[in-house]
Structure formats: structure tokens, C-alpha cells
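Participant: whatever this is, show me its structure:
(one chain, ligands or ions: 1)
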Amino acid sequence: MADYEYDIGIIGGGAAGLTVASGAAQLGAKTLLIEKEEALGGDCLHYGCVPSKTLIKTAHVYHLMNNGPKFGLPSITPPPVDFREVAGRIKSVINGIQKHDSVERFCRLGAQVEFGDPVFTDEHTVALGGRTISARSWVIATGSSAAIPPIEGLEATPYLTNRNLFSLDTLPGSMIILGGGPIAVEMAQAFCRLGTRVTVIQRSGQILGKEDRDMADIVQQELEREGVAFRMNASVTRVSDLGHGRQVIMTNAAGETETLEAEVLMVAVGRTPNVTGIGLEKIDIAYTHQGIEVNRYLRTRHKHIYAAGDVIGGYQFTHVAGYEGGVVVSNAIFHLPKKTDYTYVPWCTYSHPELASIGMNEKSAEKAGIEYSVWSEEFSGNDRALAEGESIGRIKLLLDRKEKPLGIQILGPRAGDLLSEWVAIMNGGVRLTKIAASIHPYPTLGEINKRVVGSVFSPKIFSKTVRKGLTFFFSFKGRACICGTDVECGKETP
Ligand SMILES: Cc1cc2nc3c(=O)[nH]c(=O)nc-3n(C[C@H](O)[C@H](O)[C@H](O)COP(=O)(O)OP(=O)(O)OC[C@H]3O[C@@H](n4cnc5c(N)ncnc54)[C@H](O)[C@@H]3O)c2cc1C
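Facilitator: Modelled structure (predicted):
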């Protein structure tokens, strides 16, 4: 058997690569992790989840400061935002989390970390900084970058992406965002709340295209109510640099040419896999614009070379990258064959209200030709939501013909956290009767989870047949109060 320096080599120190490195090293495999940036952590820590969620929180606090009267507080006008302070807070949160992803920590676990730009020279070897390193297995976990669309003038026009957005020196007075996906939506609301005039240009007629239309439309309405402008069904034909700002020429929904100007332009039209510069062609690893091609064991066409995380396309989330890292550990280190299963992948867009999902929504159920029923409850019927001033949103439960849950969408306050109960229900195959019979603390937002399940059962429990049966067996006397005779009941408020 050939003698390799390492049992496993990992290229990319983000969510996927770090999961493999820590798992493999702790299991006793001689592990090498190679990262091209100066620090570990990947996009999520430095340019993605962490900075964006930190910015969203800051923007939320500023939004609350501007909305005191909504909570019975005096009206105040806080001073304008100094973005250097905001960027400073973002940096300090990143630095705090960085400690978990430090070279020292990985060394303690047993993994060797190297920095540089590795290039495959053969199927077991990479060249790195003038030397060659061999490993029995390799994992490509190089992540993704902002996709840059081929728009005339874009190359010559300065623009922002998630790489430079969080370290701006000043808050832009105005911003045009190309794209209407989760990153665009989250950043549009956050910057709008901080005081930037934001316009979102979206190619299709719906933001958050994977979500059901009714849910995505409510998010859009909320953003519009707060001041974000949308140009839907629009196609950008040209952009240019005006020096003091950027100009975007587009064809709007009515087919007219429209010219927009803003201080900054942000591009958020999707992600492109980081597949160049590592010699994939040399070792004949296939990839498309969506990512490296892998089978369900996350193997490339070479049995000992795996790929995981954003670089394989699919569900581009940190938790999925981590999950895929675990699958690689199982296959490459334990040699226990494990296939990926994406049936119950949860995700959340951290707009306000948040929009969280697991399993199928109406769109995907229709596409799959699955018969379903929809059960929903509004947050306006949840006592805690009302107390918190958070009445916008709903939960939608999709059931199959046997009343087994197909999926859940929650649009509302803390929807991402509320979804966790459903992560357990769906993965554990918990029967809905168990949820209906469970006790949830009052008053919590989570009661909506039980309530939507209750809406499935209550028509059956309180049906005419059941009432008739009980009346017959126990000689019940029936209604004690008749609306219109005893009391003018009026209409029940929803
Ligand atoms: C603005 C934004 C917000 C996001 N918010 C969320 C969120 O709230 N929740 C969520 O789940 N996901 C979120 N994501 C997605 C999440 O960041 C990614 O899904 C996740 O980082 C993917 O992990 P990964 O390991 O595949 O890639 P990455 O984390 O990007 O790691 C890849 C690593 O490989 C390194 N690398 C690249 N090329 C090479 C090379 N040639 N040699 C060596 N190293 C290399 C990179 O420097 C990087 O460190 C967000 C993304 C963005 C952009």
C-alpha cells in the first residue's frame, strides 16, 4: 500500500472543512487542513452568517429606537448611524467566534493547519508553497463566492458583495441591490433600518423564489412598509460608475427603460462554487456552474476524493455544510457507508419577520405531484406575539393524505428558533397527536406550533357526530347560551 503523509487532507477551512478536520483528527486520523485565507472559519464567520446576523441585530435595535411610540414609549429621533461603529461591533463578534475556529484549537484536536493555495498535482498530492503533500483521501471544501452576472458595464463599476459589505467606513445614503434572494432581502431590510434608501431589483415577480408566494409576499410587504423599494420583473441592461455614485439602467415590469442612481451598488444574485485554481482539471474532477459533481456518498469520480459544502451546490447553508462534513467523516474515516439525505433540511431567512422552512412547501409538493392539505394559524392569534408587537405572520403545516407532515413554513418572530420543534418532530417521526396532547409553556411564540396541530384535530374532536354521541350516552342537555336569544354574540375576531 502506498505510503502517504496524511490519512486525510482537507482543502478549505469553512463549515464543511472544519467539521471534517475536527471529526477526522479526533478519530485518530492524521489530518491536514489547508486554508487559503489568513484565518479559519470560512464565509460564514467572516463574510456571511455571523456578520449579517450581527448587522441585522444592530439594525433591529436602531429600528426599535425609532419606534418607541409603538410600545407606549416617547418618540425619539436617534442620531444617524456611524457605520464604523457598526463594523467595529461586527468585527468584535467575529473575533469572539474566531477563537472556536483557531489553529491552536485544531492543533489540540490533532489536526495540522497550513495556509496557502494548494494545487493538485496528482490524485493524492497537492503542491503547496514550493513543496508537495500527499494524503490517502482528500476533501474539497472550498465554498462559494458571490456570482457576478454578465451585465454590461459591471466590470468597470465598483460594487459591493458580501465580501466588502460588512467593513464599510460609512453608511451609504442609498443602495441598489441586484437580486431578491435571502442575502439581498436580509441586507435590504438591515440597511434600510439603519437609514439607507434601498432599492431591490429582482428579475422575477417574487422575492425568495424557493418559498411559497403567499409567505414571500408578506416579507416583501413588510420591507416595503419599512421603506424598501422593489422593482420586480425587471432586467438590468447596463450599469455605470458616475464617480459620486452608480447608475443602473433597466427594463421595468411595464417594458419601459428606467434609470436608477444610488451611492452604492450591491450584487447578490446567487453563488458560484470556488472550483478554479486548485487543479481540478488536472485530476479530471468534473464540475458545472453549480458545483463539483458528487454522488450520494459525496465522492467525486475518484473514490478517495470527496467534496462537501457550498462547492457542491445544493443547499448552501452552514448547517448543511456541517452535515455533509459529517457524512464525509463517516465514509472516509469510519468506512461506514453513509448517503446524504436532504429530506428534512431546515432553513431560515432572517428578515423581520423571519421565514423558516423544513420539508415541503406548496411549491415543492405541487412540483412533486404530491397531494397535500394546508393547515395554518396566524401570529395575530398568539398572545405572546401580540404582547411583543409581532402580530405579522403565520405558520403553515402541509400534511399528506395520511395526515403525516410533509413540511412546515413559519413566517414570524423568531421563526428560525420556532422551527426547531419541527426539526425534532419530522426527524423523529413524532405523531401529531403527541404534539396536540403536549403542554407548551404560556405565553410563548412556540404555542403556535401546538395550535396549528390542534387545528387539524379540533374539527374531528368537536364534530357533530362526537357531540351527538356524547349527548346520547351521557344525556347532556346541549347549549347553555344561544347567540341572538341570550346574548348578541357578534362576530368573533380572527
Ligand atoms: C451574506 C451571507 C449570509 C449567510 N447567512 C447564512 C445563515 O444565516 N445561515 C446559514 O446556514 N448559511 C448562511 N450563509 C451561507 C453559509 O455562509 C455557507 O453555506 C457556508 O459558509 C458554506 O460552508 P463551506 O464550508 O462550504 O464554505 P465556506 O464557509 O465558504 O468555506 C470555504 C473555505 O475554503 C477556503 N478556500 C477557498 N478556496 C480555497 C483554496 N483554493 N485553497 C484553500 N482554501 C480555499 C475559503 O477561504 C474558505 O475559508 C450565508 C452566506 C452569505 C454570503
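
Participant: show me what contacts Ser438?
Facilitator: Listed by C-beta atoms under 8 Å, 6 or more residues apart in numbering, the contact partners of Ser438 are Lys450. Quick note: C-beta positions are derived from backbone N, CA and C, even for glycine.

Participant: any idea how far it is from the ligand?
Facilitator: Distance, Ser438 to the ligand, by C-beta to the nearest ligand atom, to the nearest Å: 28 Å.

Participant: also Asp7?
Facilitator: Distance from Asp7 to the ligand, by C-beta to the nearest ligand atom: 19 Å.

Participant: part of a strand, is that residue?
Facilitator: Yes: assessed with DSSP: H, G, I helix; E, B strand; the rest coil, Asp7 lies in a strand.

Participant: doesn't Ala135 make contact with it?
Facilitator: Yes: between Asp7 and Ala135 there is a contact under C-beta atoms under 8 Å: 6.8 Å.

Participant: neighbour count winner among those two?
Facilitator: For Asp7 versus Ala135, neighbours defined as other C-beta atoms under 10 Å are more numerous around Ala135 (22 against 18).

Participant: per-residue confidence for that one?
Facilitator: For Ala135, the pLDDT comes out at 98.

Participant: ditto for Thr471
Facilitator: 89.

Participant: so it is in which element?
Facilitator: Element membership of Thr471, judged by DSSP states H and E, is helix 464-474.

Participant: note down every partner strand of the top strand by length along the chain and its orientation.
Facilitator: In the chain, with assignment by DSSP state E, the single longest strand is strand 131-140. With DSSP bridges as the test, strand 131-140 is paired with strand 6-11 (parallel), strand 125-128 (antiparallel), strand 305-307 (parallel).

Participant: got the CA positions of the first one in CSV?
Facilitator: Once side chains and other backbone atoms are set aside, the C-alpha atoms of strand 6-11 remain, and they are given as CSV (Å, rounded to 0.1, in the frame of the first residue of the first chain):
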residue,chain,number,x,y,z
TYR,A,6,-1.6,12.2,5.8
ASP,A,7,-4.6,9.9,6.1
ILE,A,8,-6.8,12.8,5.0
GLY,A,9,-6.2,16.2,3.5
ILE,A,10,-8.9,18.9,3.5
ILE,A,11,-8.9,22.0,1.3
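
Participant: what residues does it touch?
Facilitator: 17, 20-21, 24, 29-34, 112, 118, 126, 133-142, 278, 332-333.

Participant: just to revisit the earlier point, so is the longest strand of the chain next to the ligand?
Facilitator: No: for strand 131-140, no contact with the ligand is found by C-beta under 6 Å from any ligand atom; the gap never falls below 8.7 Å.

Participant: just checking, next helix/strand downstream of that strand?
Facilitator: strand 144-146.

Participant: counting contacts, what elements does that next one pack onto?
Facilitator: strand 271-273 (3 or more C-beta pairs under 8 Å, 6 or more residues apart in numbering; DSSP states H and E).

Participant: can you tell me the strand partners of the strand it packs on and which way each runs?
Facilitator: Here, using DSSP bridges, strand 271-273 pairs with strand 144-146 (antiparallel).

Participant: any idea how far the closest residue to the ligand within the stretch 201-350 of the chain is from Arg136?
Facilitator: Distance from the ligand to each residue of the stretch 201-350 of the chain (C-beta to the nearest ligand atom) is smallest for Gly309, at 2.2 Å. For Gly309, the distance to Arg136 equals 21 Å [C-beta to C-beta, to the nearest Å].

Participant: ditto for Arg246
Facilitator: Relative to Arg136, and taking C-beta to C-beta, Arg246 is found at 50 Å.

Participant: quick one: which of those two has more around it?
Facilitator: Arg246 (25 against 18).

Participant: what sits against that one?
Facilitator: Arg246 touches 157-159, 176, 239-240, 261-265, counting by C-beta under 8 Å, 6+ apart.

Participant: with adjacent residues omitted, what lies nearest to it?
Facilitator: Nearest non-adjacent residue to Arg246, counting by C-beta to C-beta, 6 or more residues apart in numbering: Leu265, 4.2 Å away.

Participant: flag the shaky bits of the stretch 351-494 of the chain, pLDDT-wise.
Facilitator: Applying pLDDT under 70 to the stretch 351-494 of the chain flags residues 491-494.

Participant: can you give me the helices in it?
Facilitator: In the stretch 351-494 of the chain, the helices defined using DSSP state H, counting those that start in this stretch lie at 362-367, 383-387, 415-428, 432-437, 447-461, 464-474.

Participant: now the ones you listed in JSON lines, with mean neighbour count and distance to Thr170?
Facilitator: As requested, the helices of the stretch 351-494 of the chain are exported to JSON lines (neighbours: other C-beta atoms under 10 Å; distance: least, C-beta to C-beta, whole Å):
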{"stretch": "helix 362-367", "mean neighbour count": "15", "distance to Thr170": "40"}
{"stretch": "helix 383-387", "mean neighbour count": "15", "distance to Thr170": "36"}
{"stretch": "helix 415-428", "mean neighbour count": "18", "distance to Thr170": "31"}
{"stretch": "helix 432-437", "mean neighbour count": "15", "distance to Thr170": "49"}
{"stretch": "helix 447-461", "mean neighbour count": "17", "distance to Thr170": "41"}
{"stretch": "helix 464-474", "mean neighbour count": "10", "distance to Thr170": "66"}
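
Participant: okay, those helices in JSON lines with distance to Gly322 next?
Facilitator: Output for the helices of the stretch 351-494 of the chain, formatted as JSON lines (distance: least, C-beta to C-beta, whole Å):
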{"stretch": "helix 362-367", "distance to Gly322": "23"}
{"stretch": "helix 383-387", "distance to Gly322": "31"}
{"stretch": "helix 415-428", "distance to Gly322": "14"}
{"stretch": "helix 432-437", "distance to Gly322": "27"}
{"stretch": "helix 447-461", "distance to Gly322": "25"}
{"stretch": "helix 464-474", "distance to Gly322": "47"}
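
Participant: can you name the residue of the stretch 1-150 of the chain nearest the ligand?
Facilitator: Counting by C-beta to the nearest ligand atom, the stretch 1-150 of the chain gets nearest the ligand through Gly14, at 1.9 Å.

Participant: give me the nearest residue to that residue, chain neighbours excluded.
Facilitator: In space, Gly14 is closest to Gly42, 2.1 Å off (C-beta to C-beta, 6+ apart).

Participant: let me know the pLDDT of the one you found.
Facilitator: pLDDT, Gly42: 98.

Participant: give me the beta-bridge partners of the residue nearest to Arg246?
Facilitator: Ile176.

Participant: so how far is Arg238 from it?
Facilitator: 12 Å.

Participant: cool, Leu171 as well?
Facilitator: 27 Å.

Participant: kindly report the same for Ala15.
Facilitator: Distance from Ala15 to Arg238, by C-beta to C-beta: 37 Å.

Participant: can you pull the residues of the protein lying near the ligand?
Facilitator: So far as C-beta under 6 Å from any ligand atom goes, the chain lies against the ligand at 11-17, 34-37, 42-44, 47-49, 52-53, 117-118, 141-143, 162, 183, 274, 277-278, 309-311, 316-319, 321, 350.
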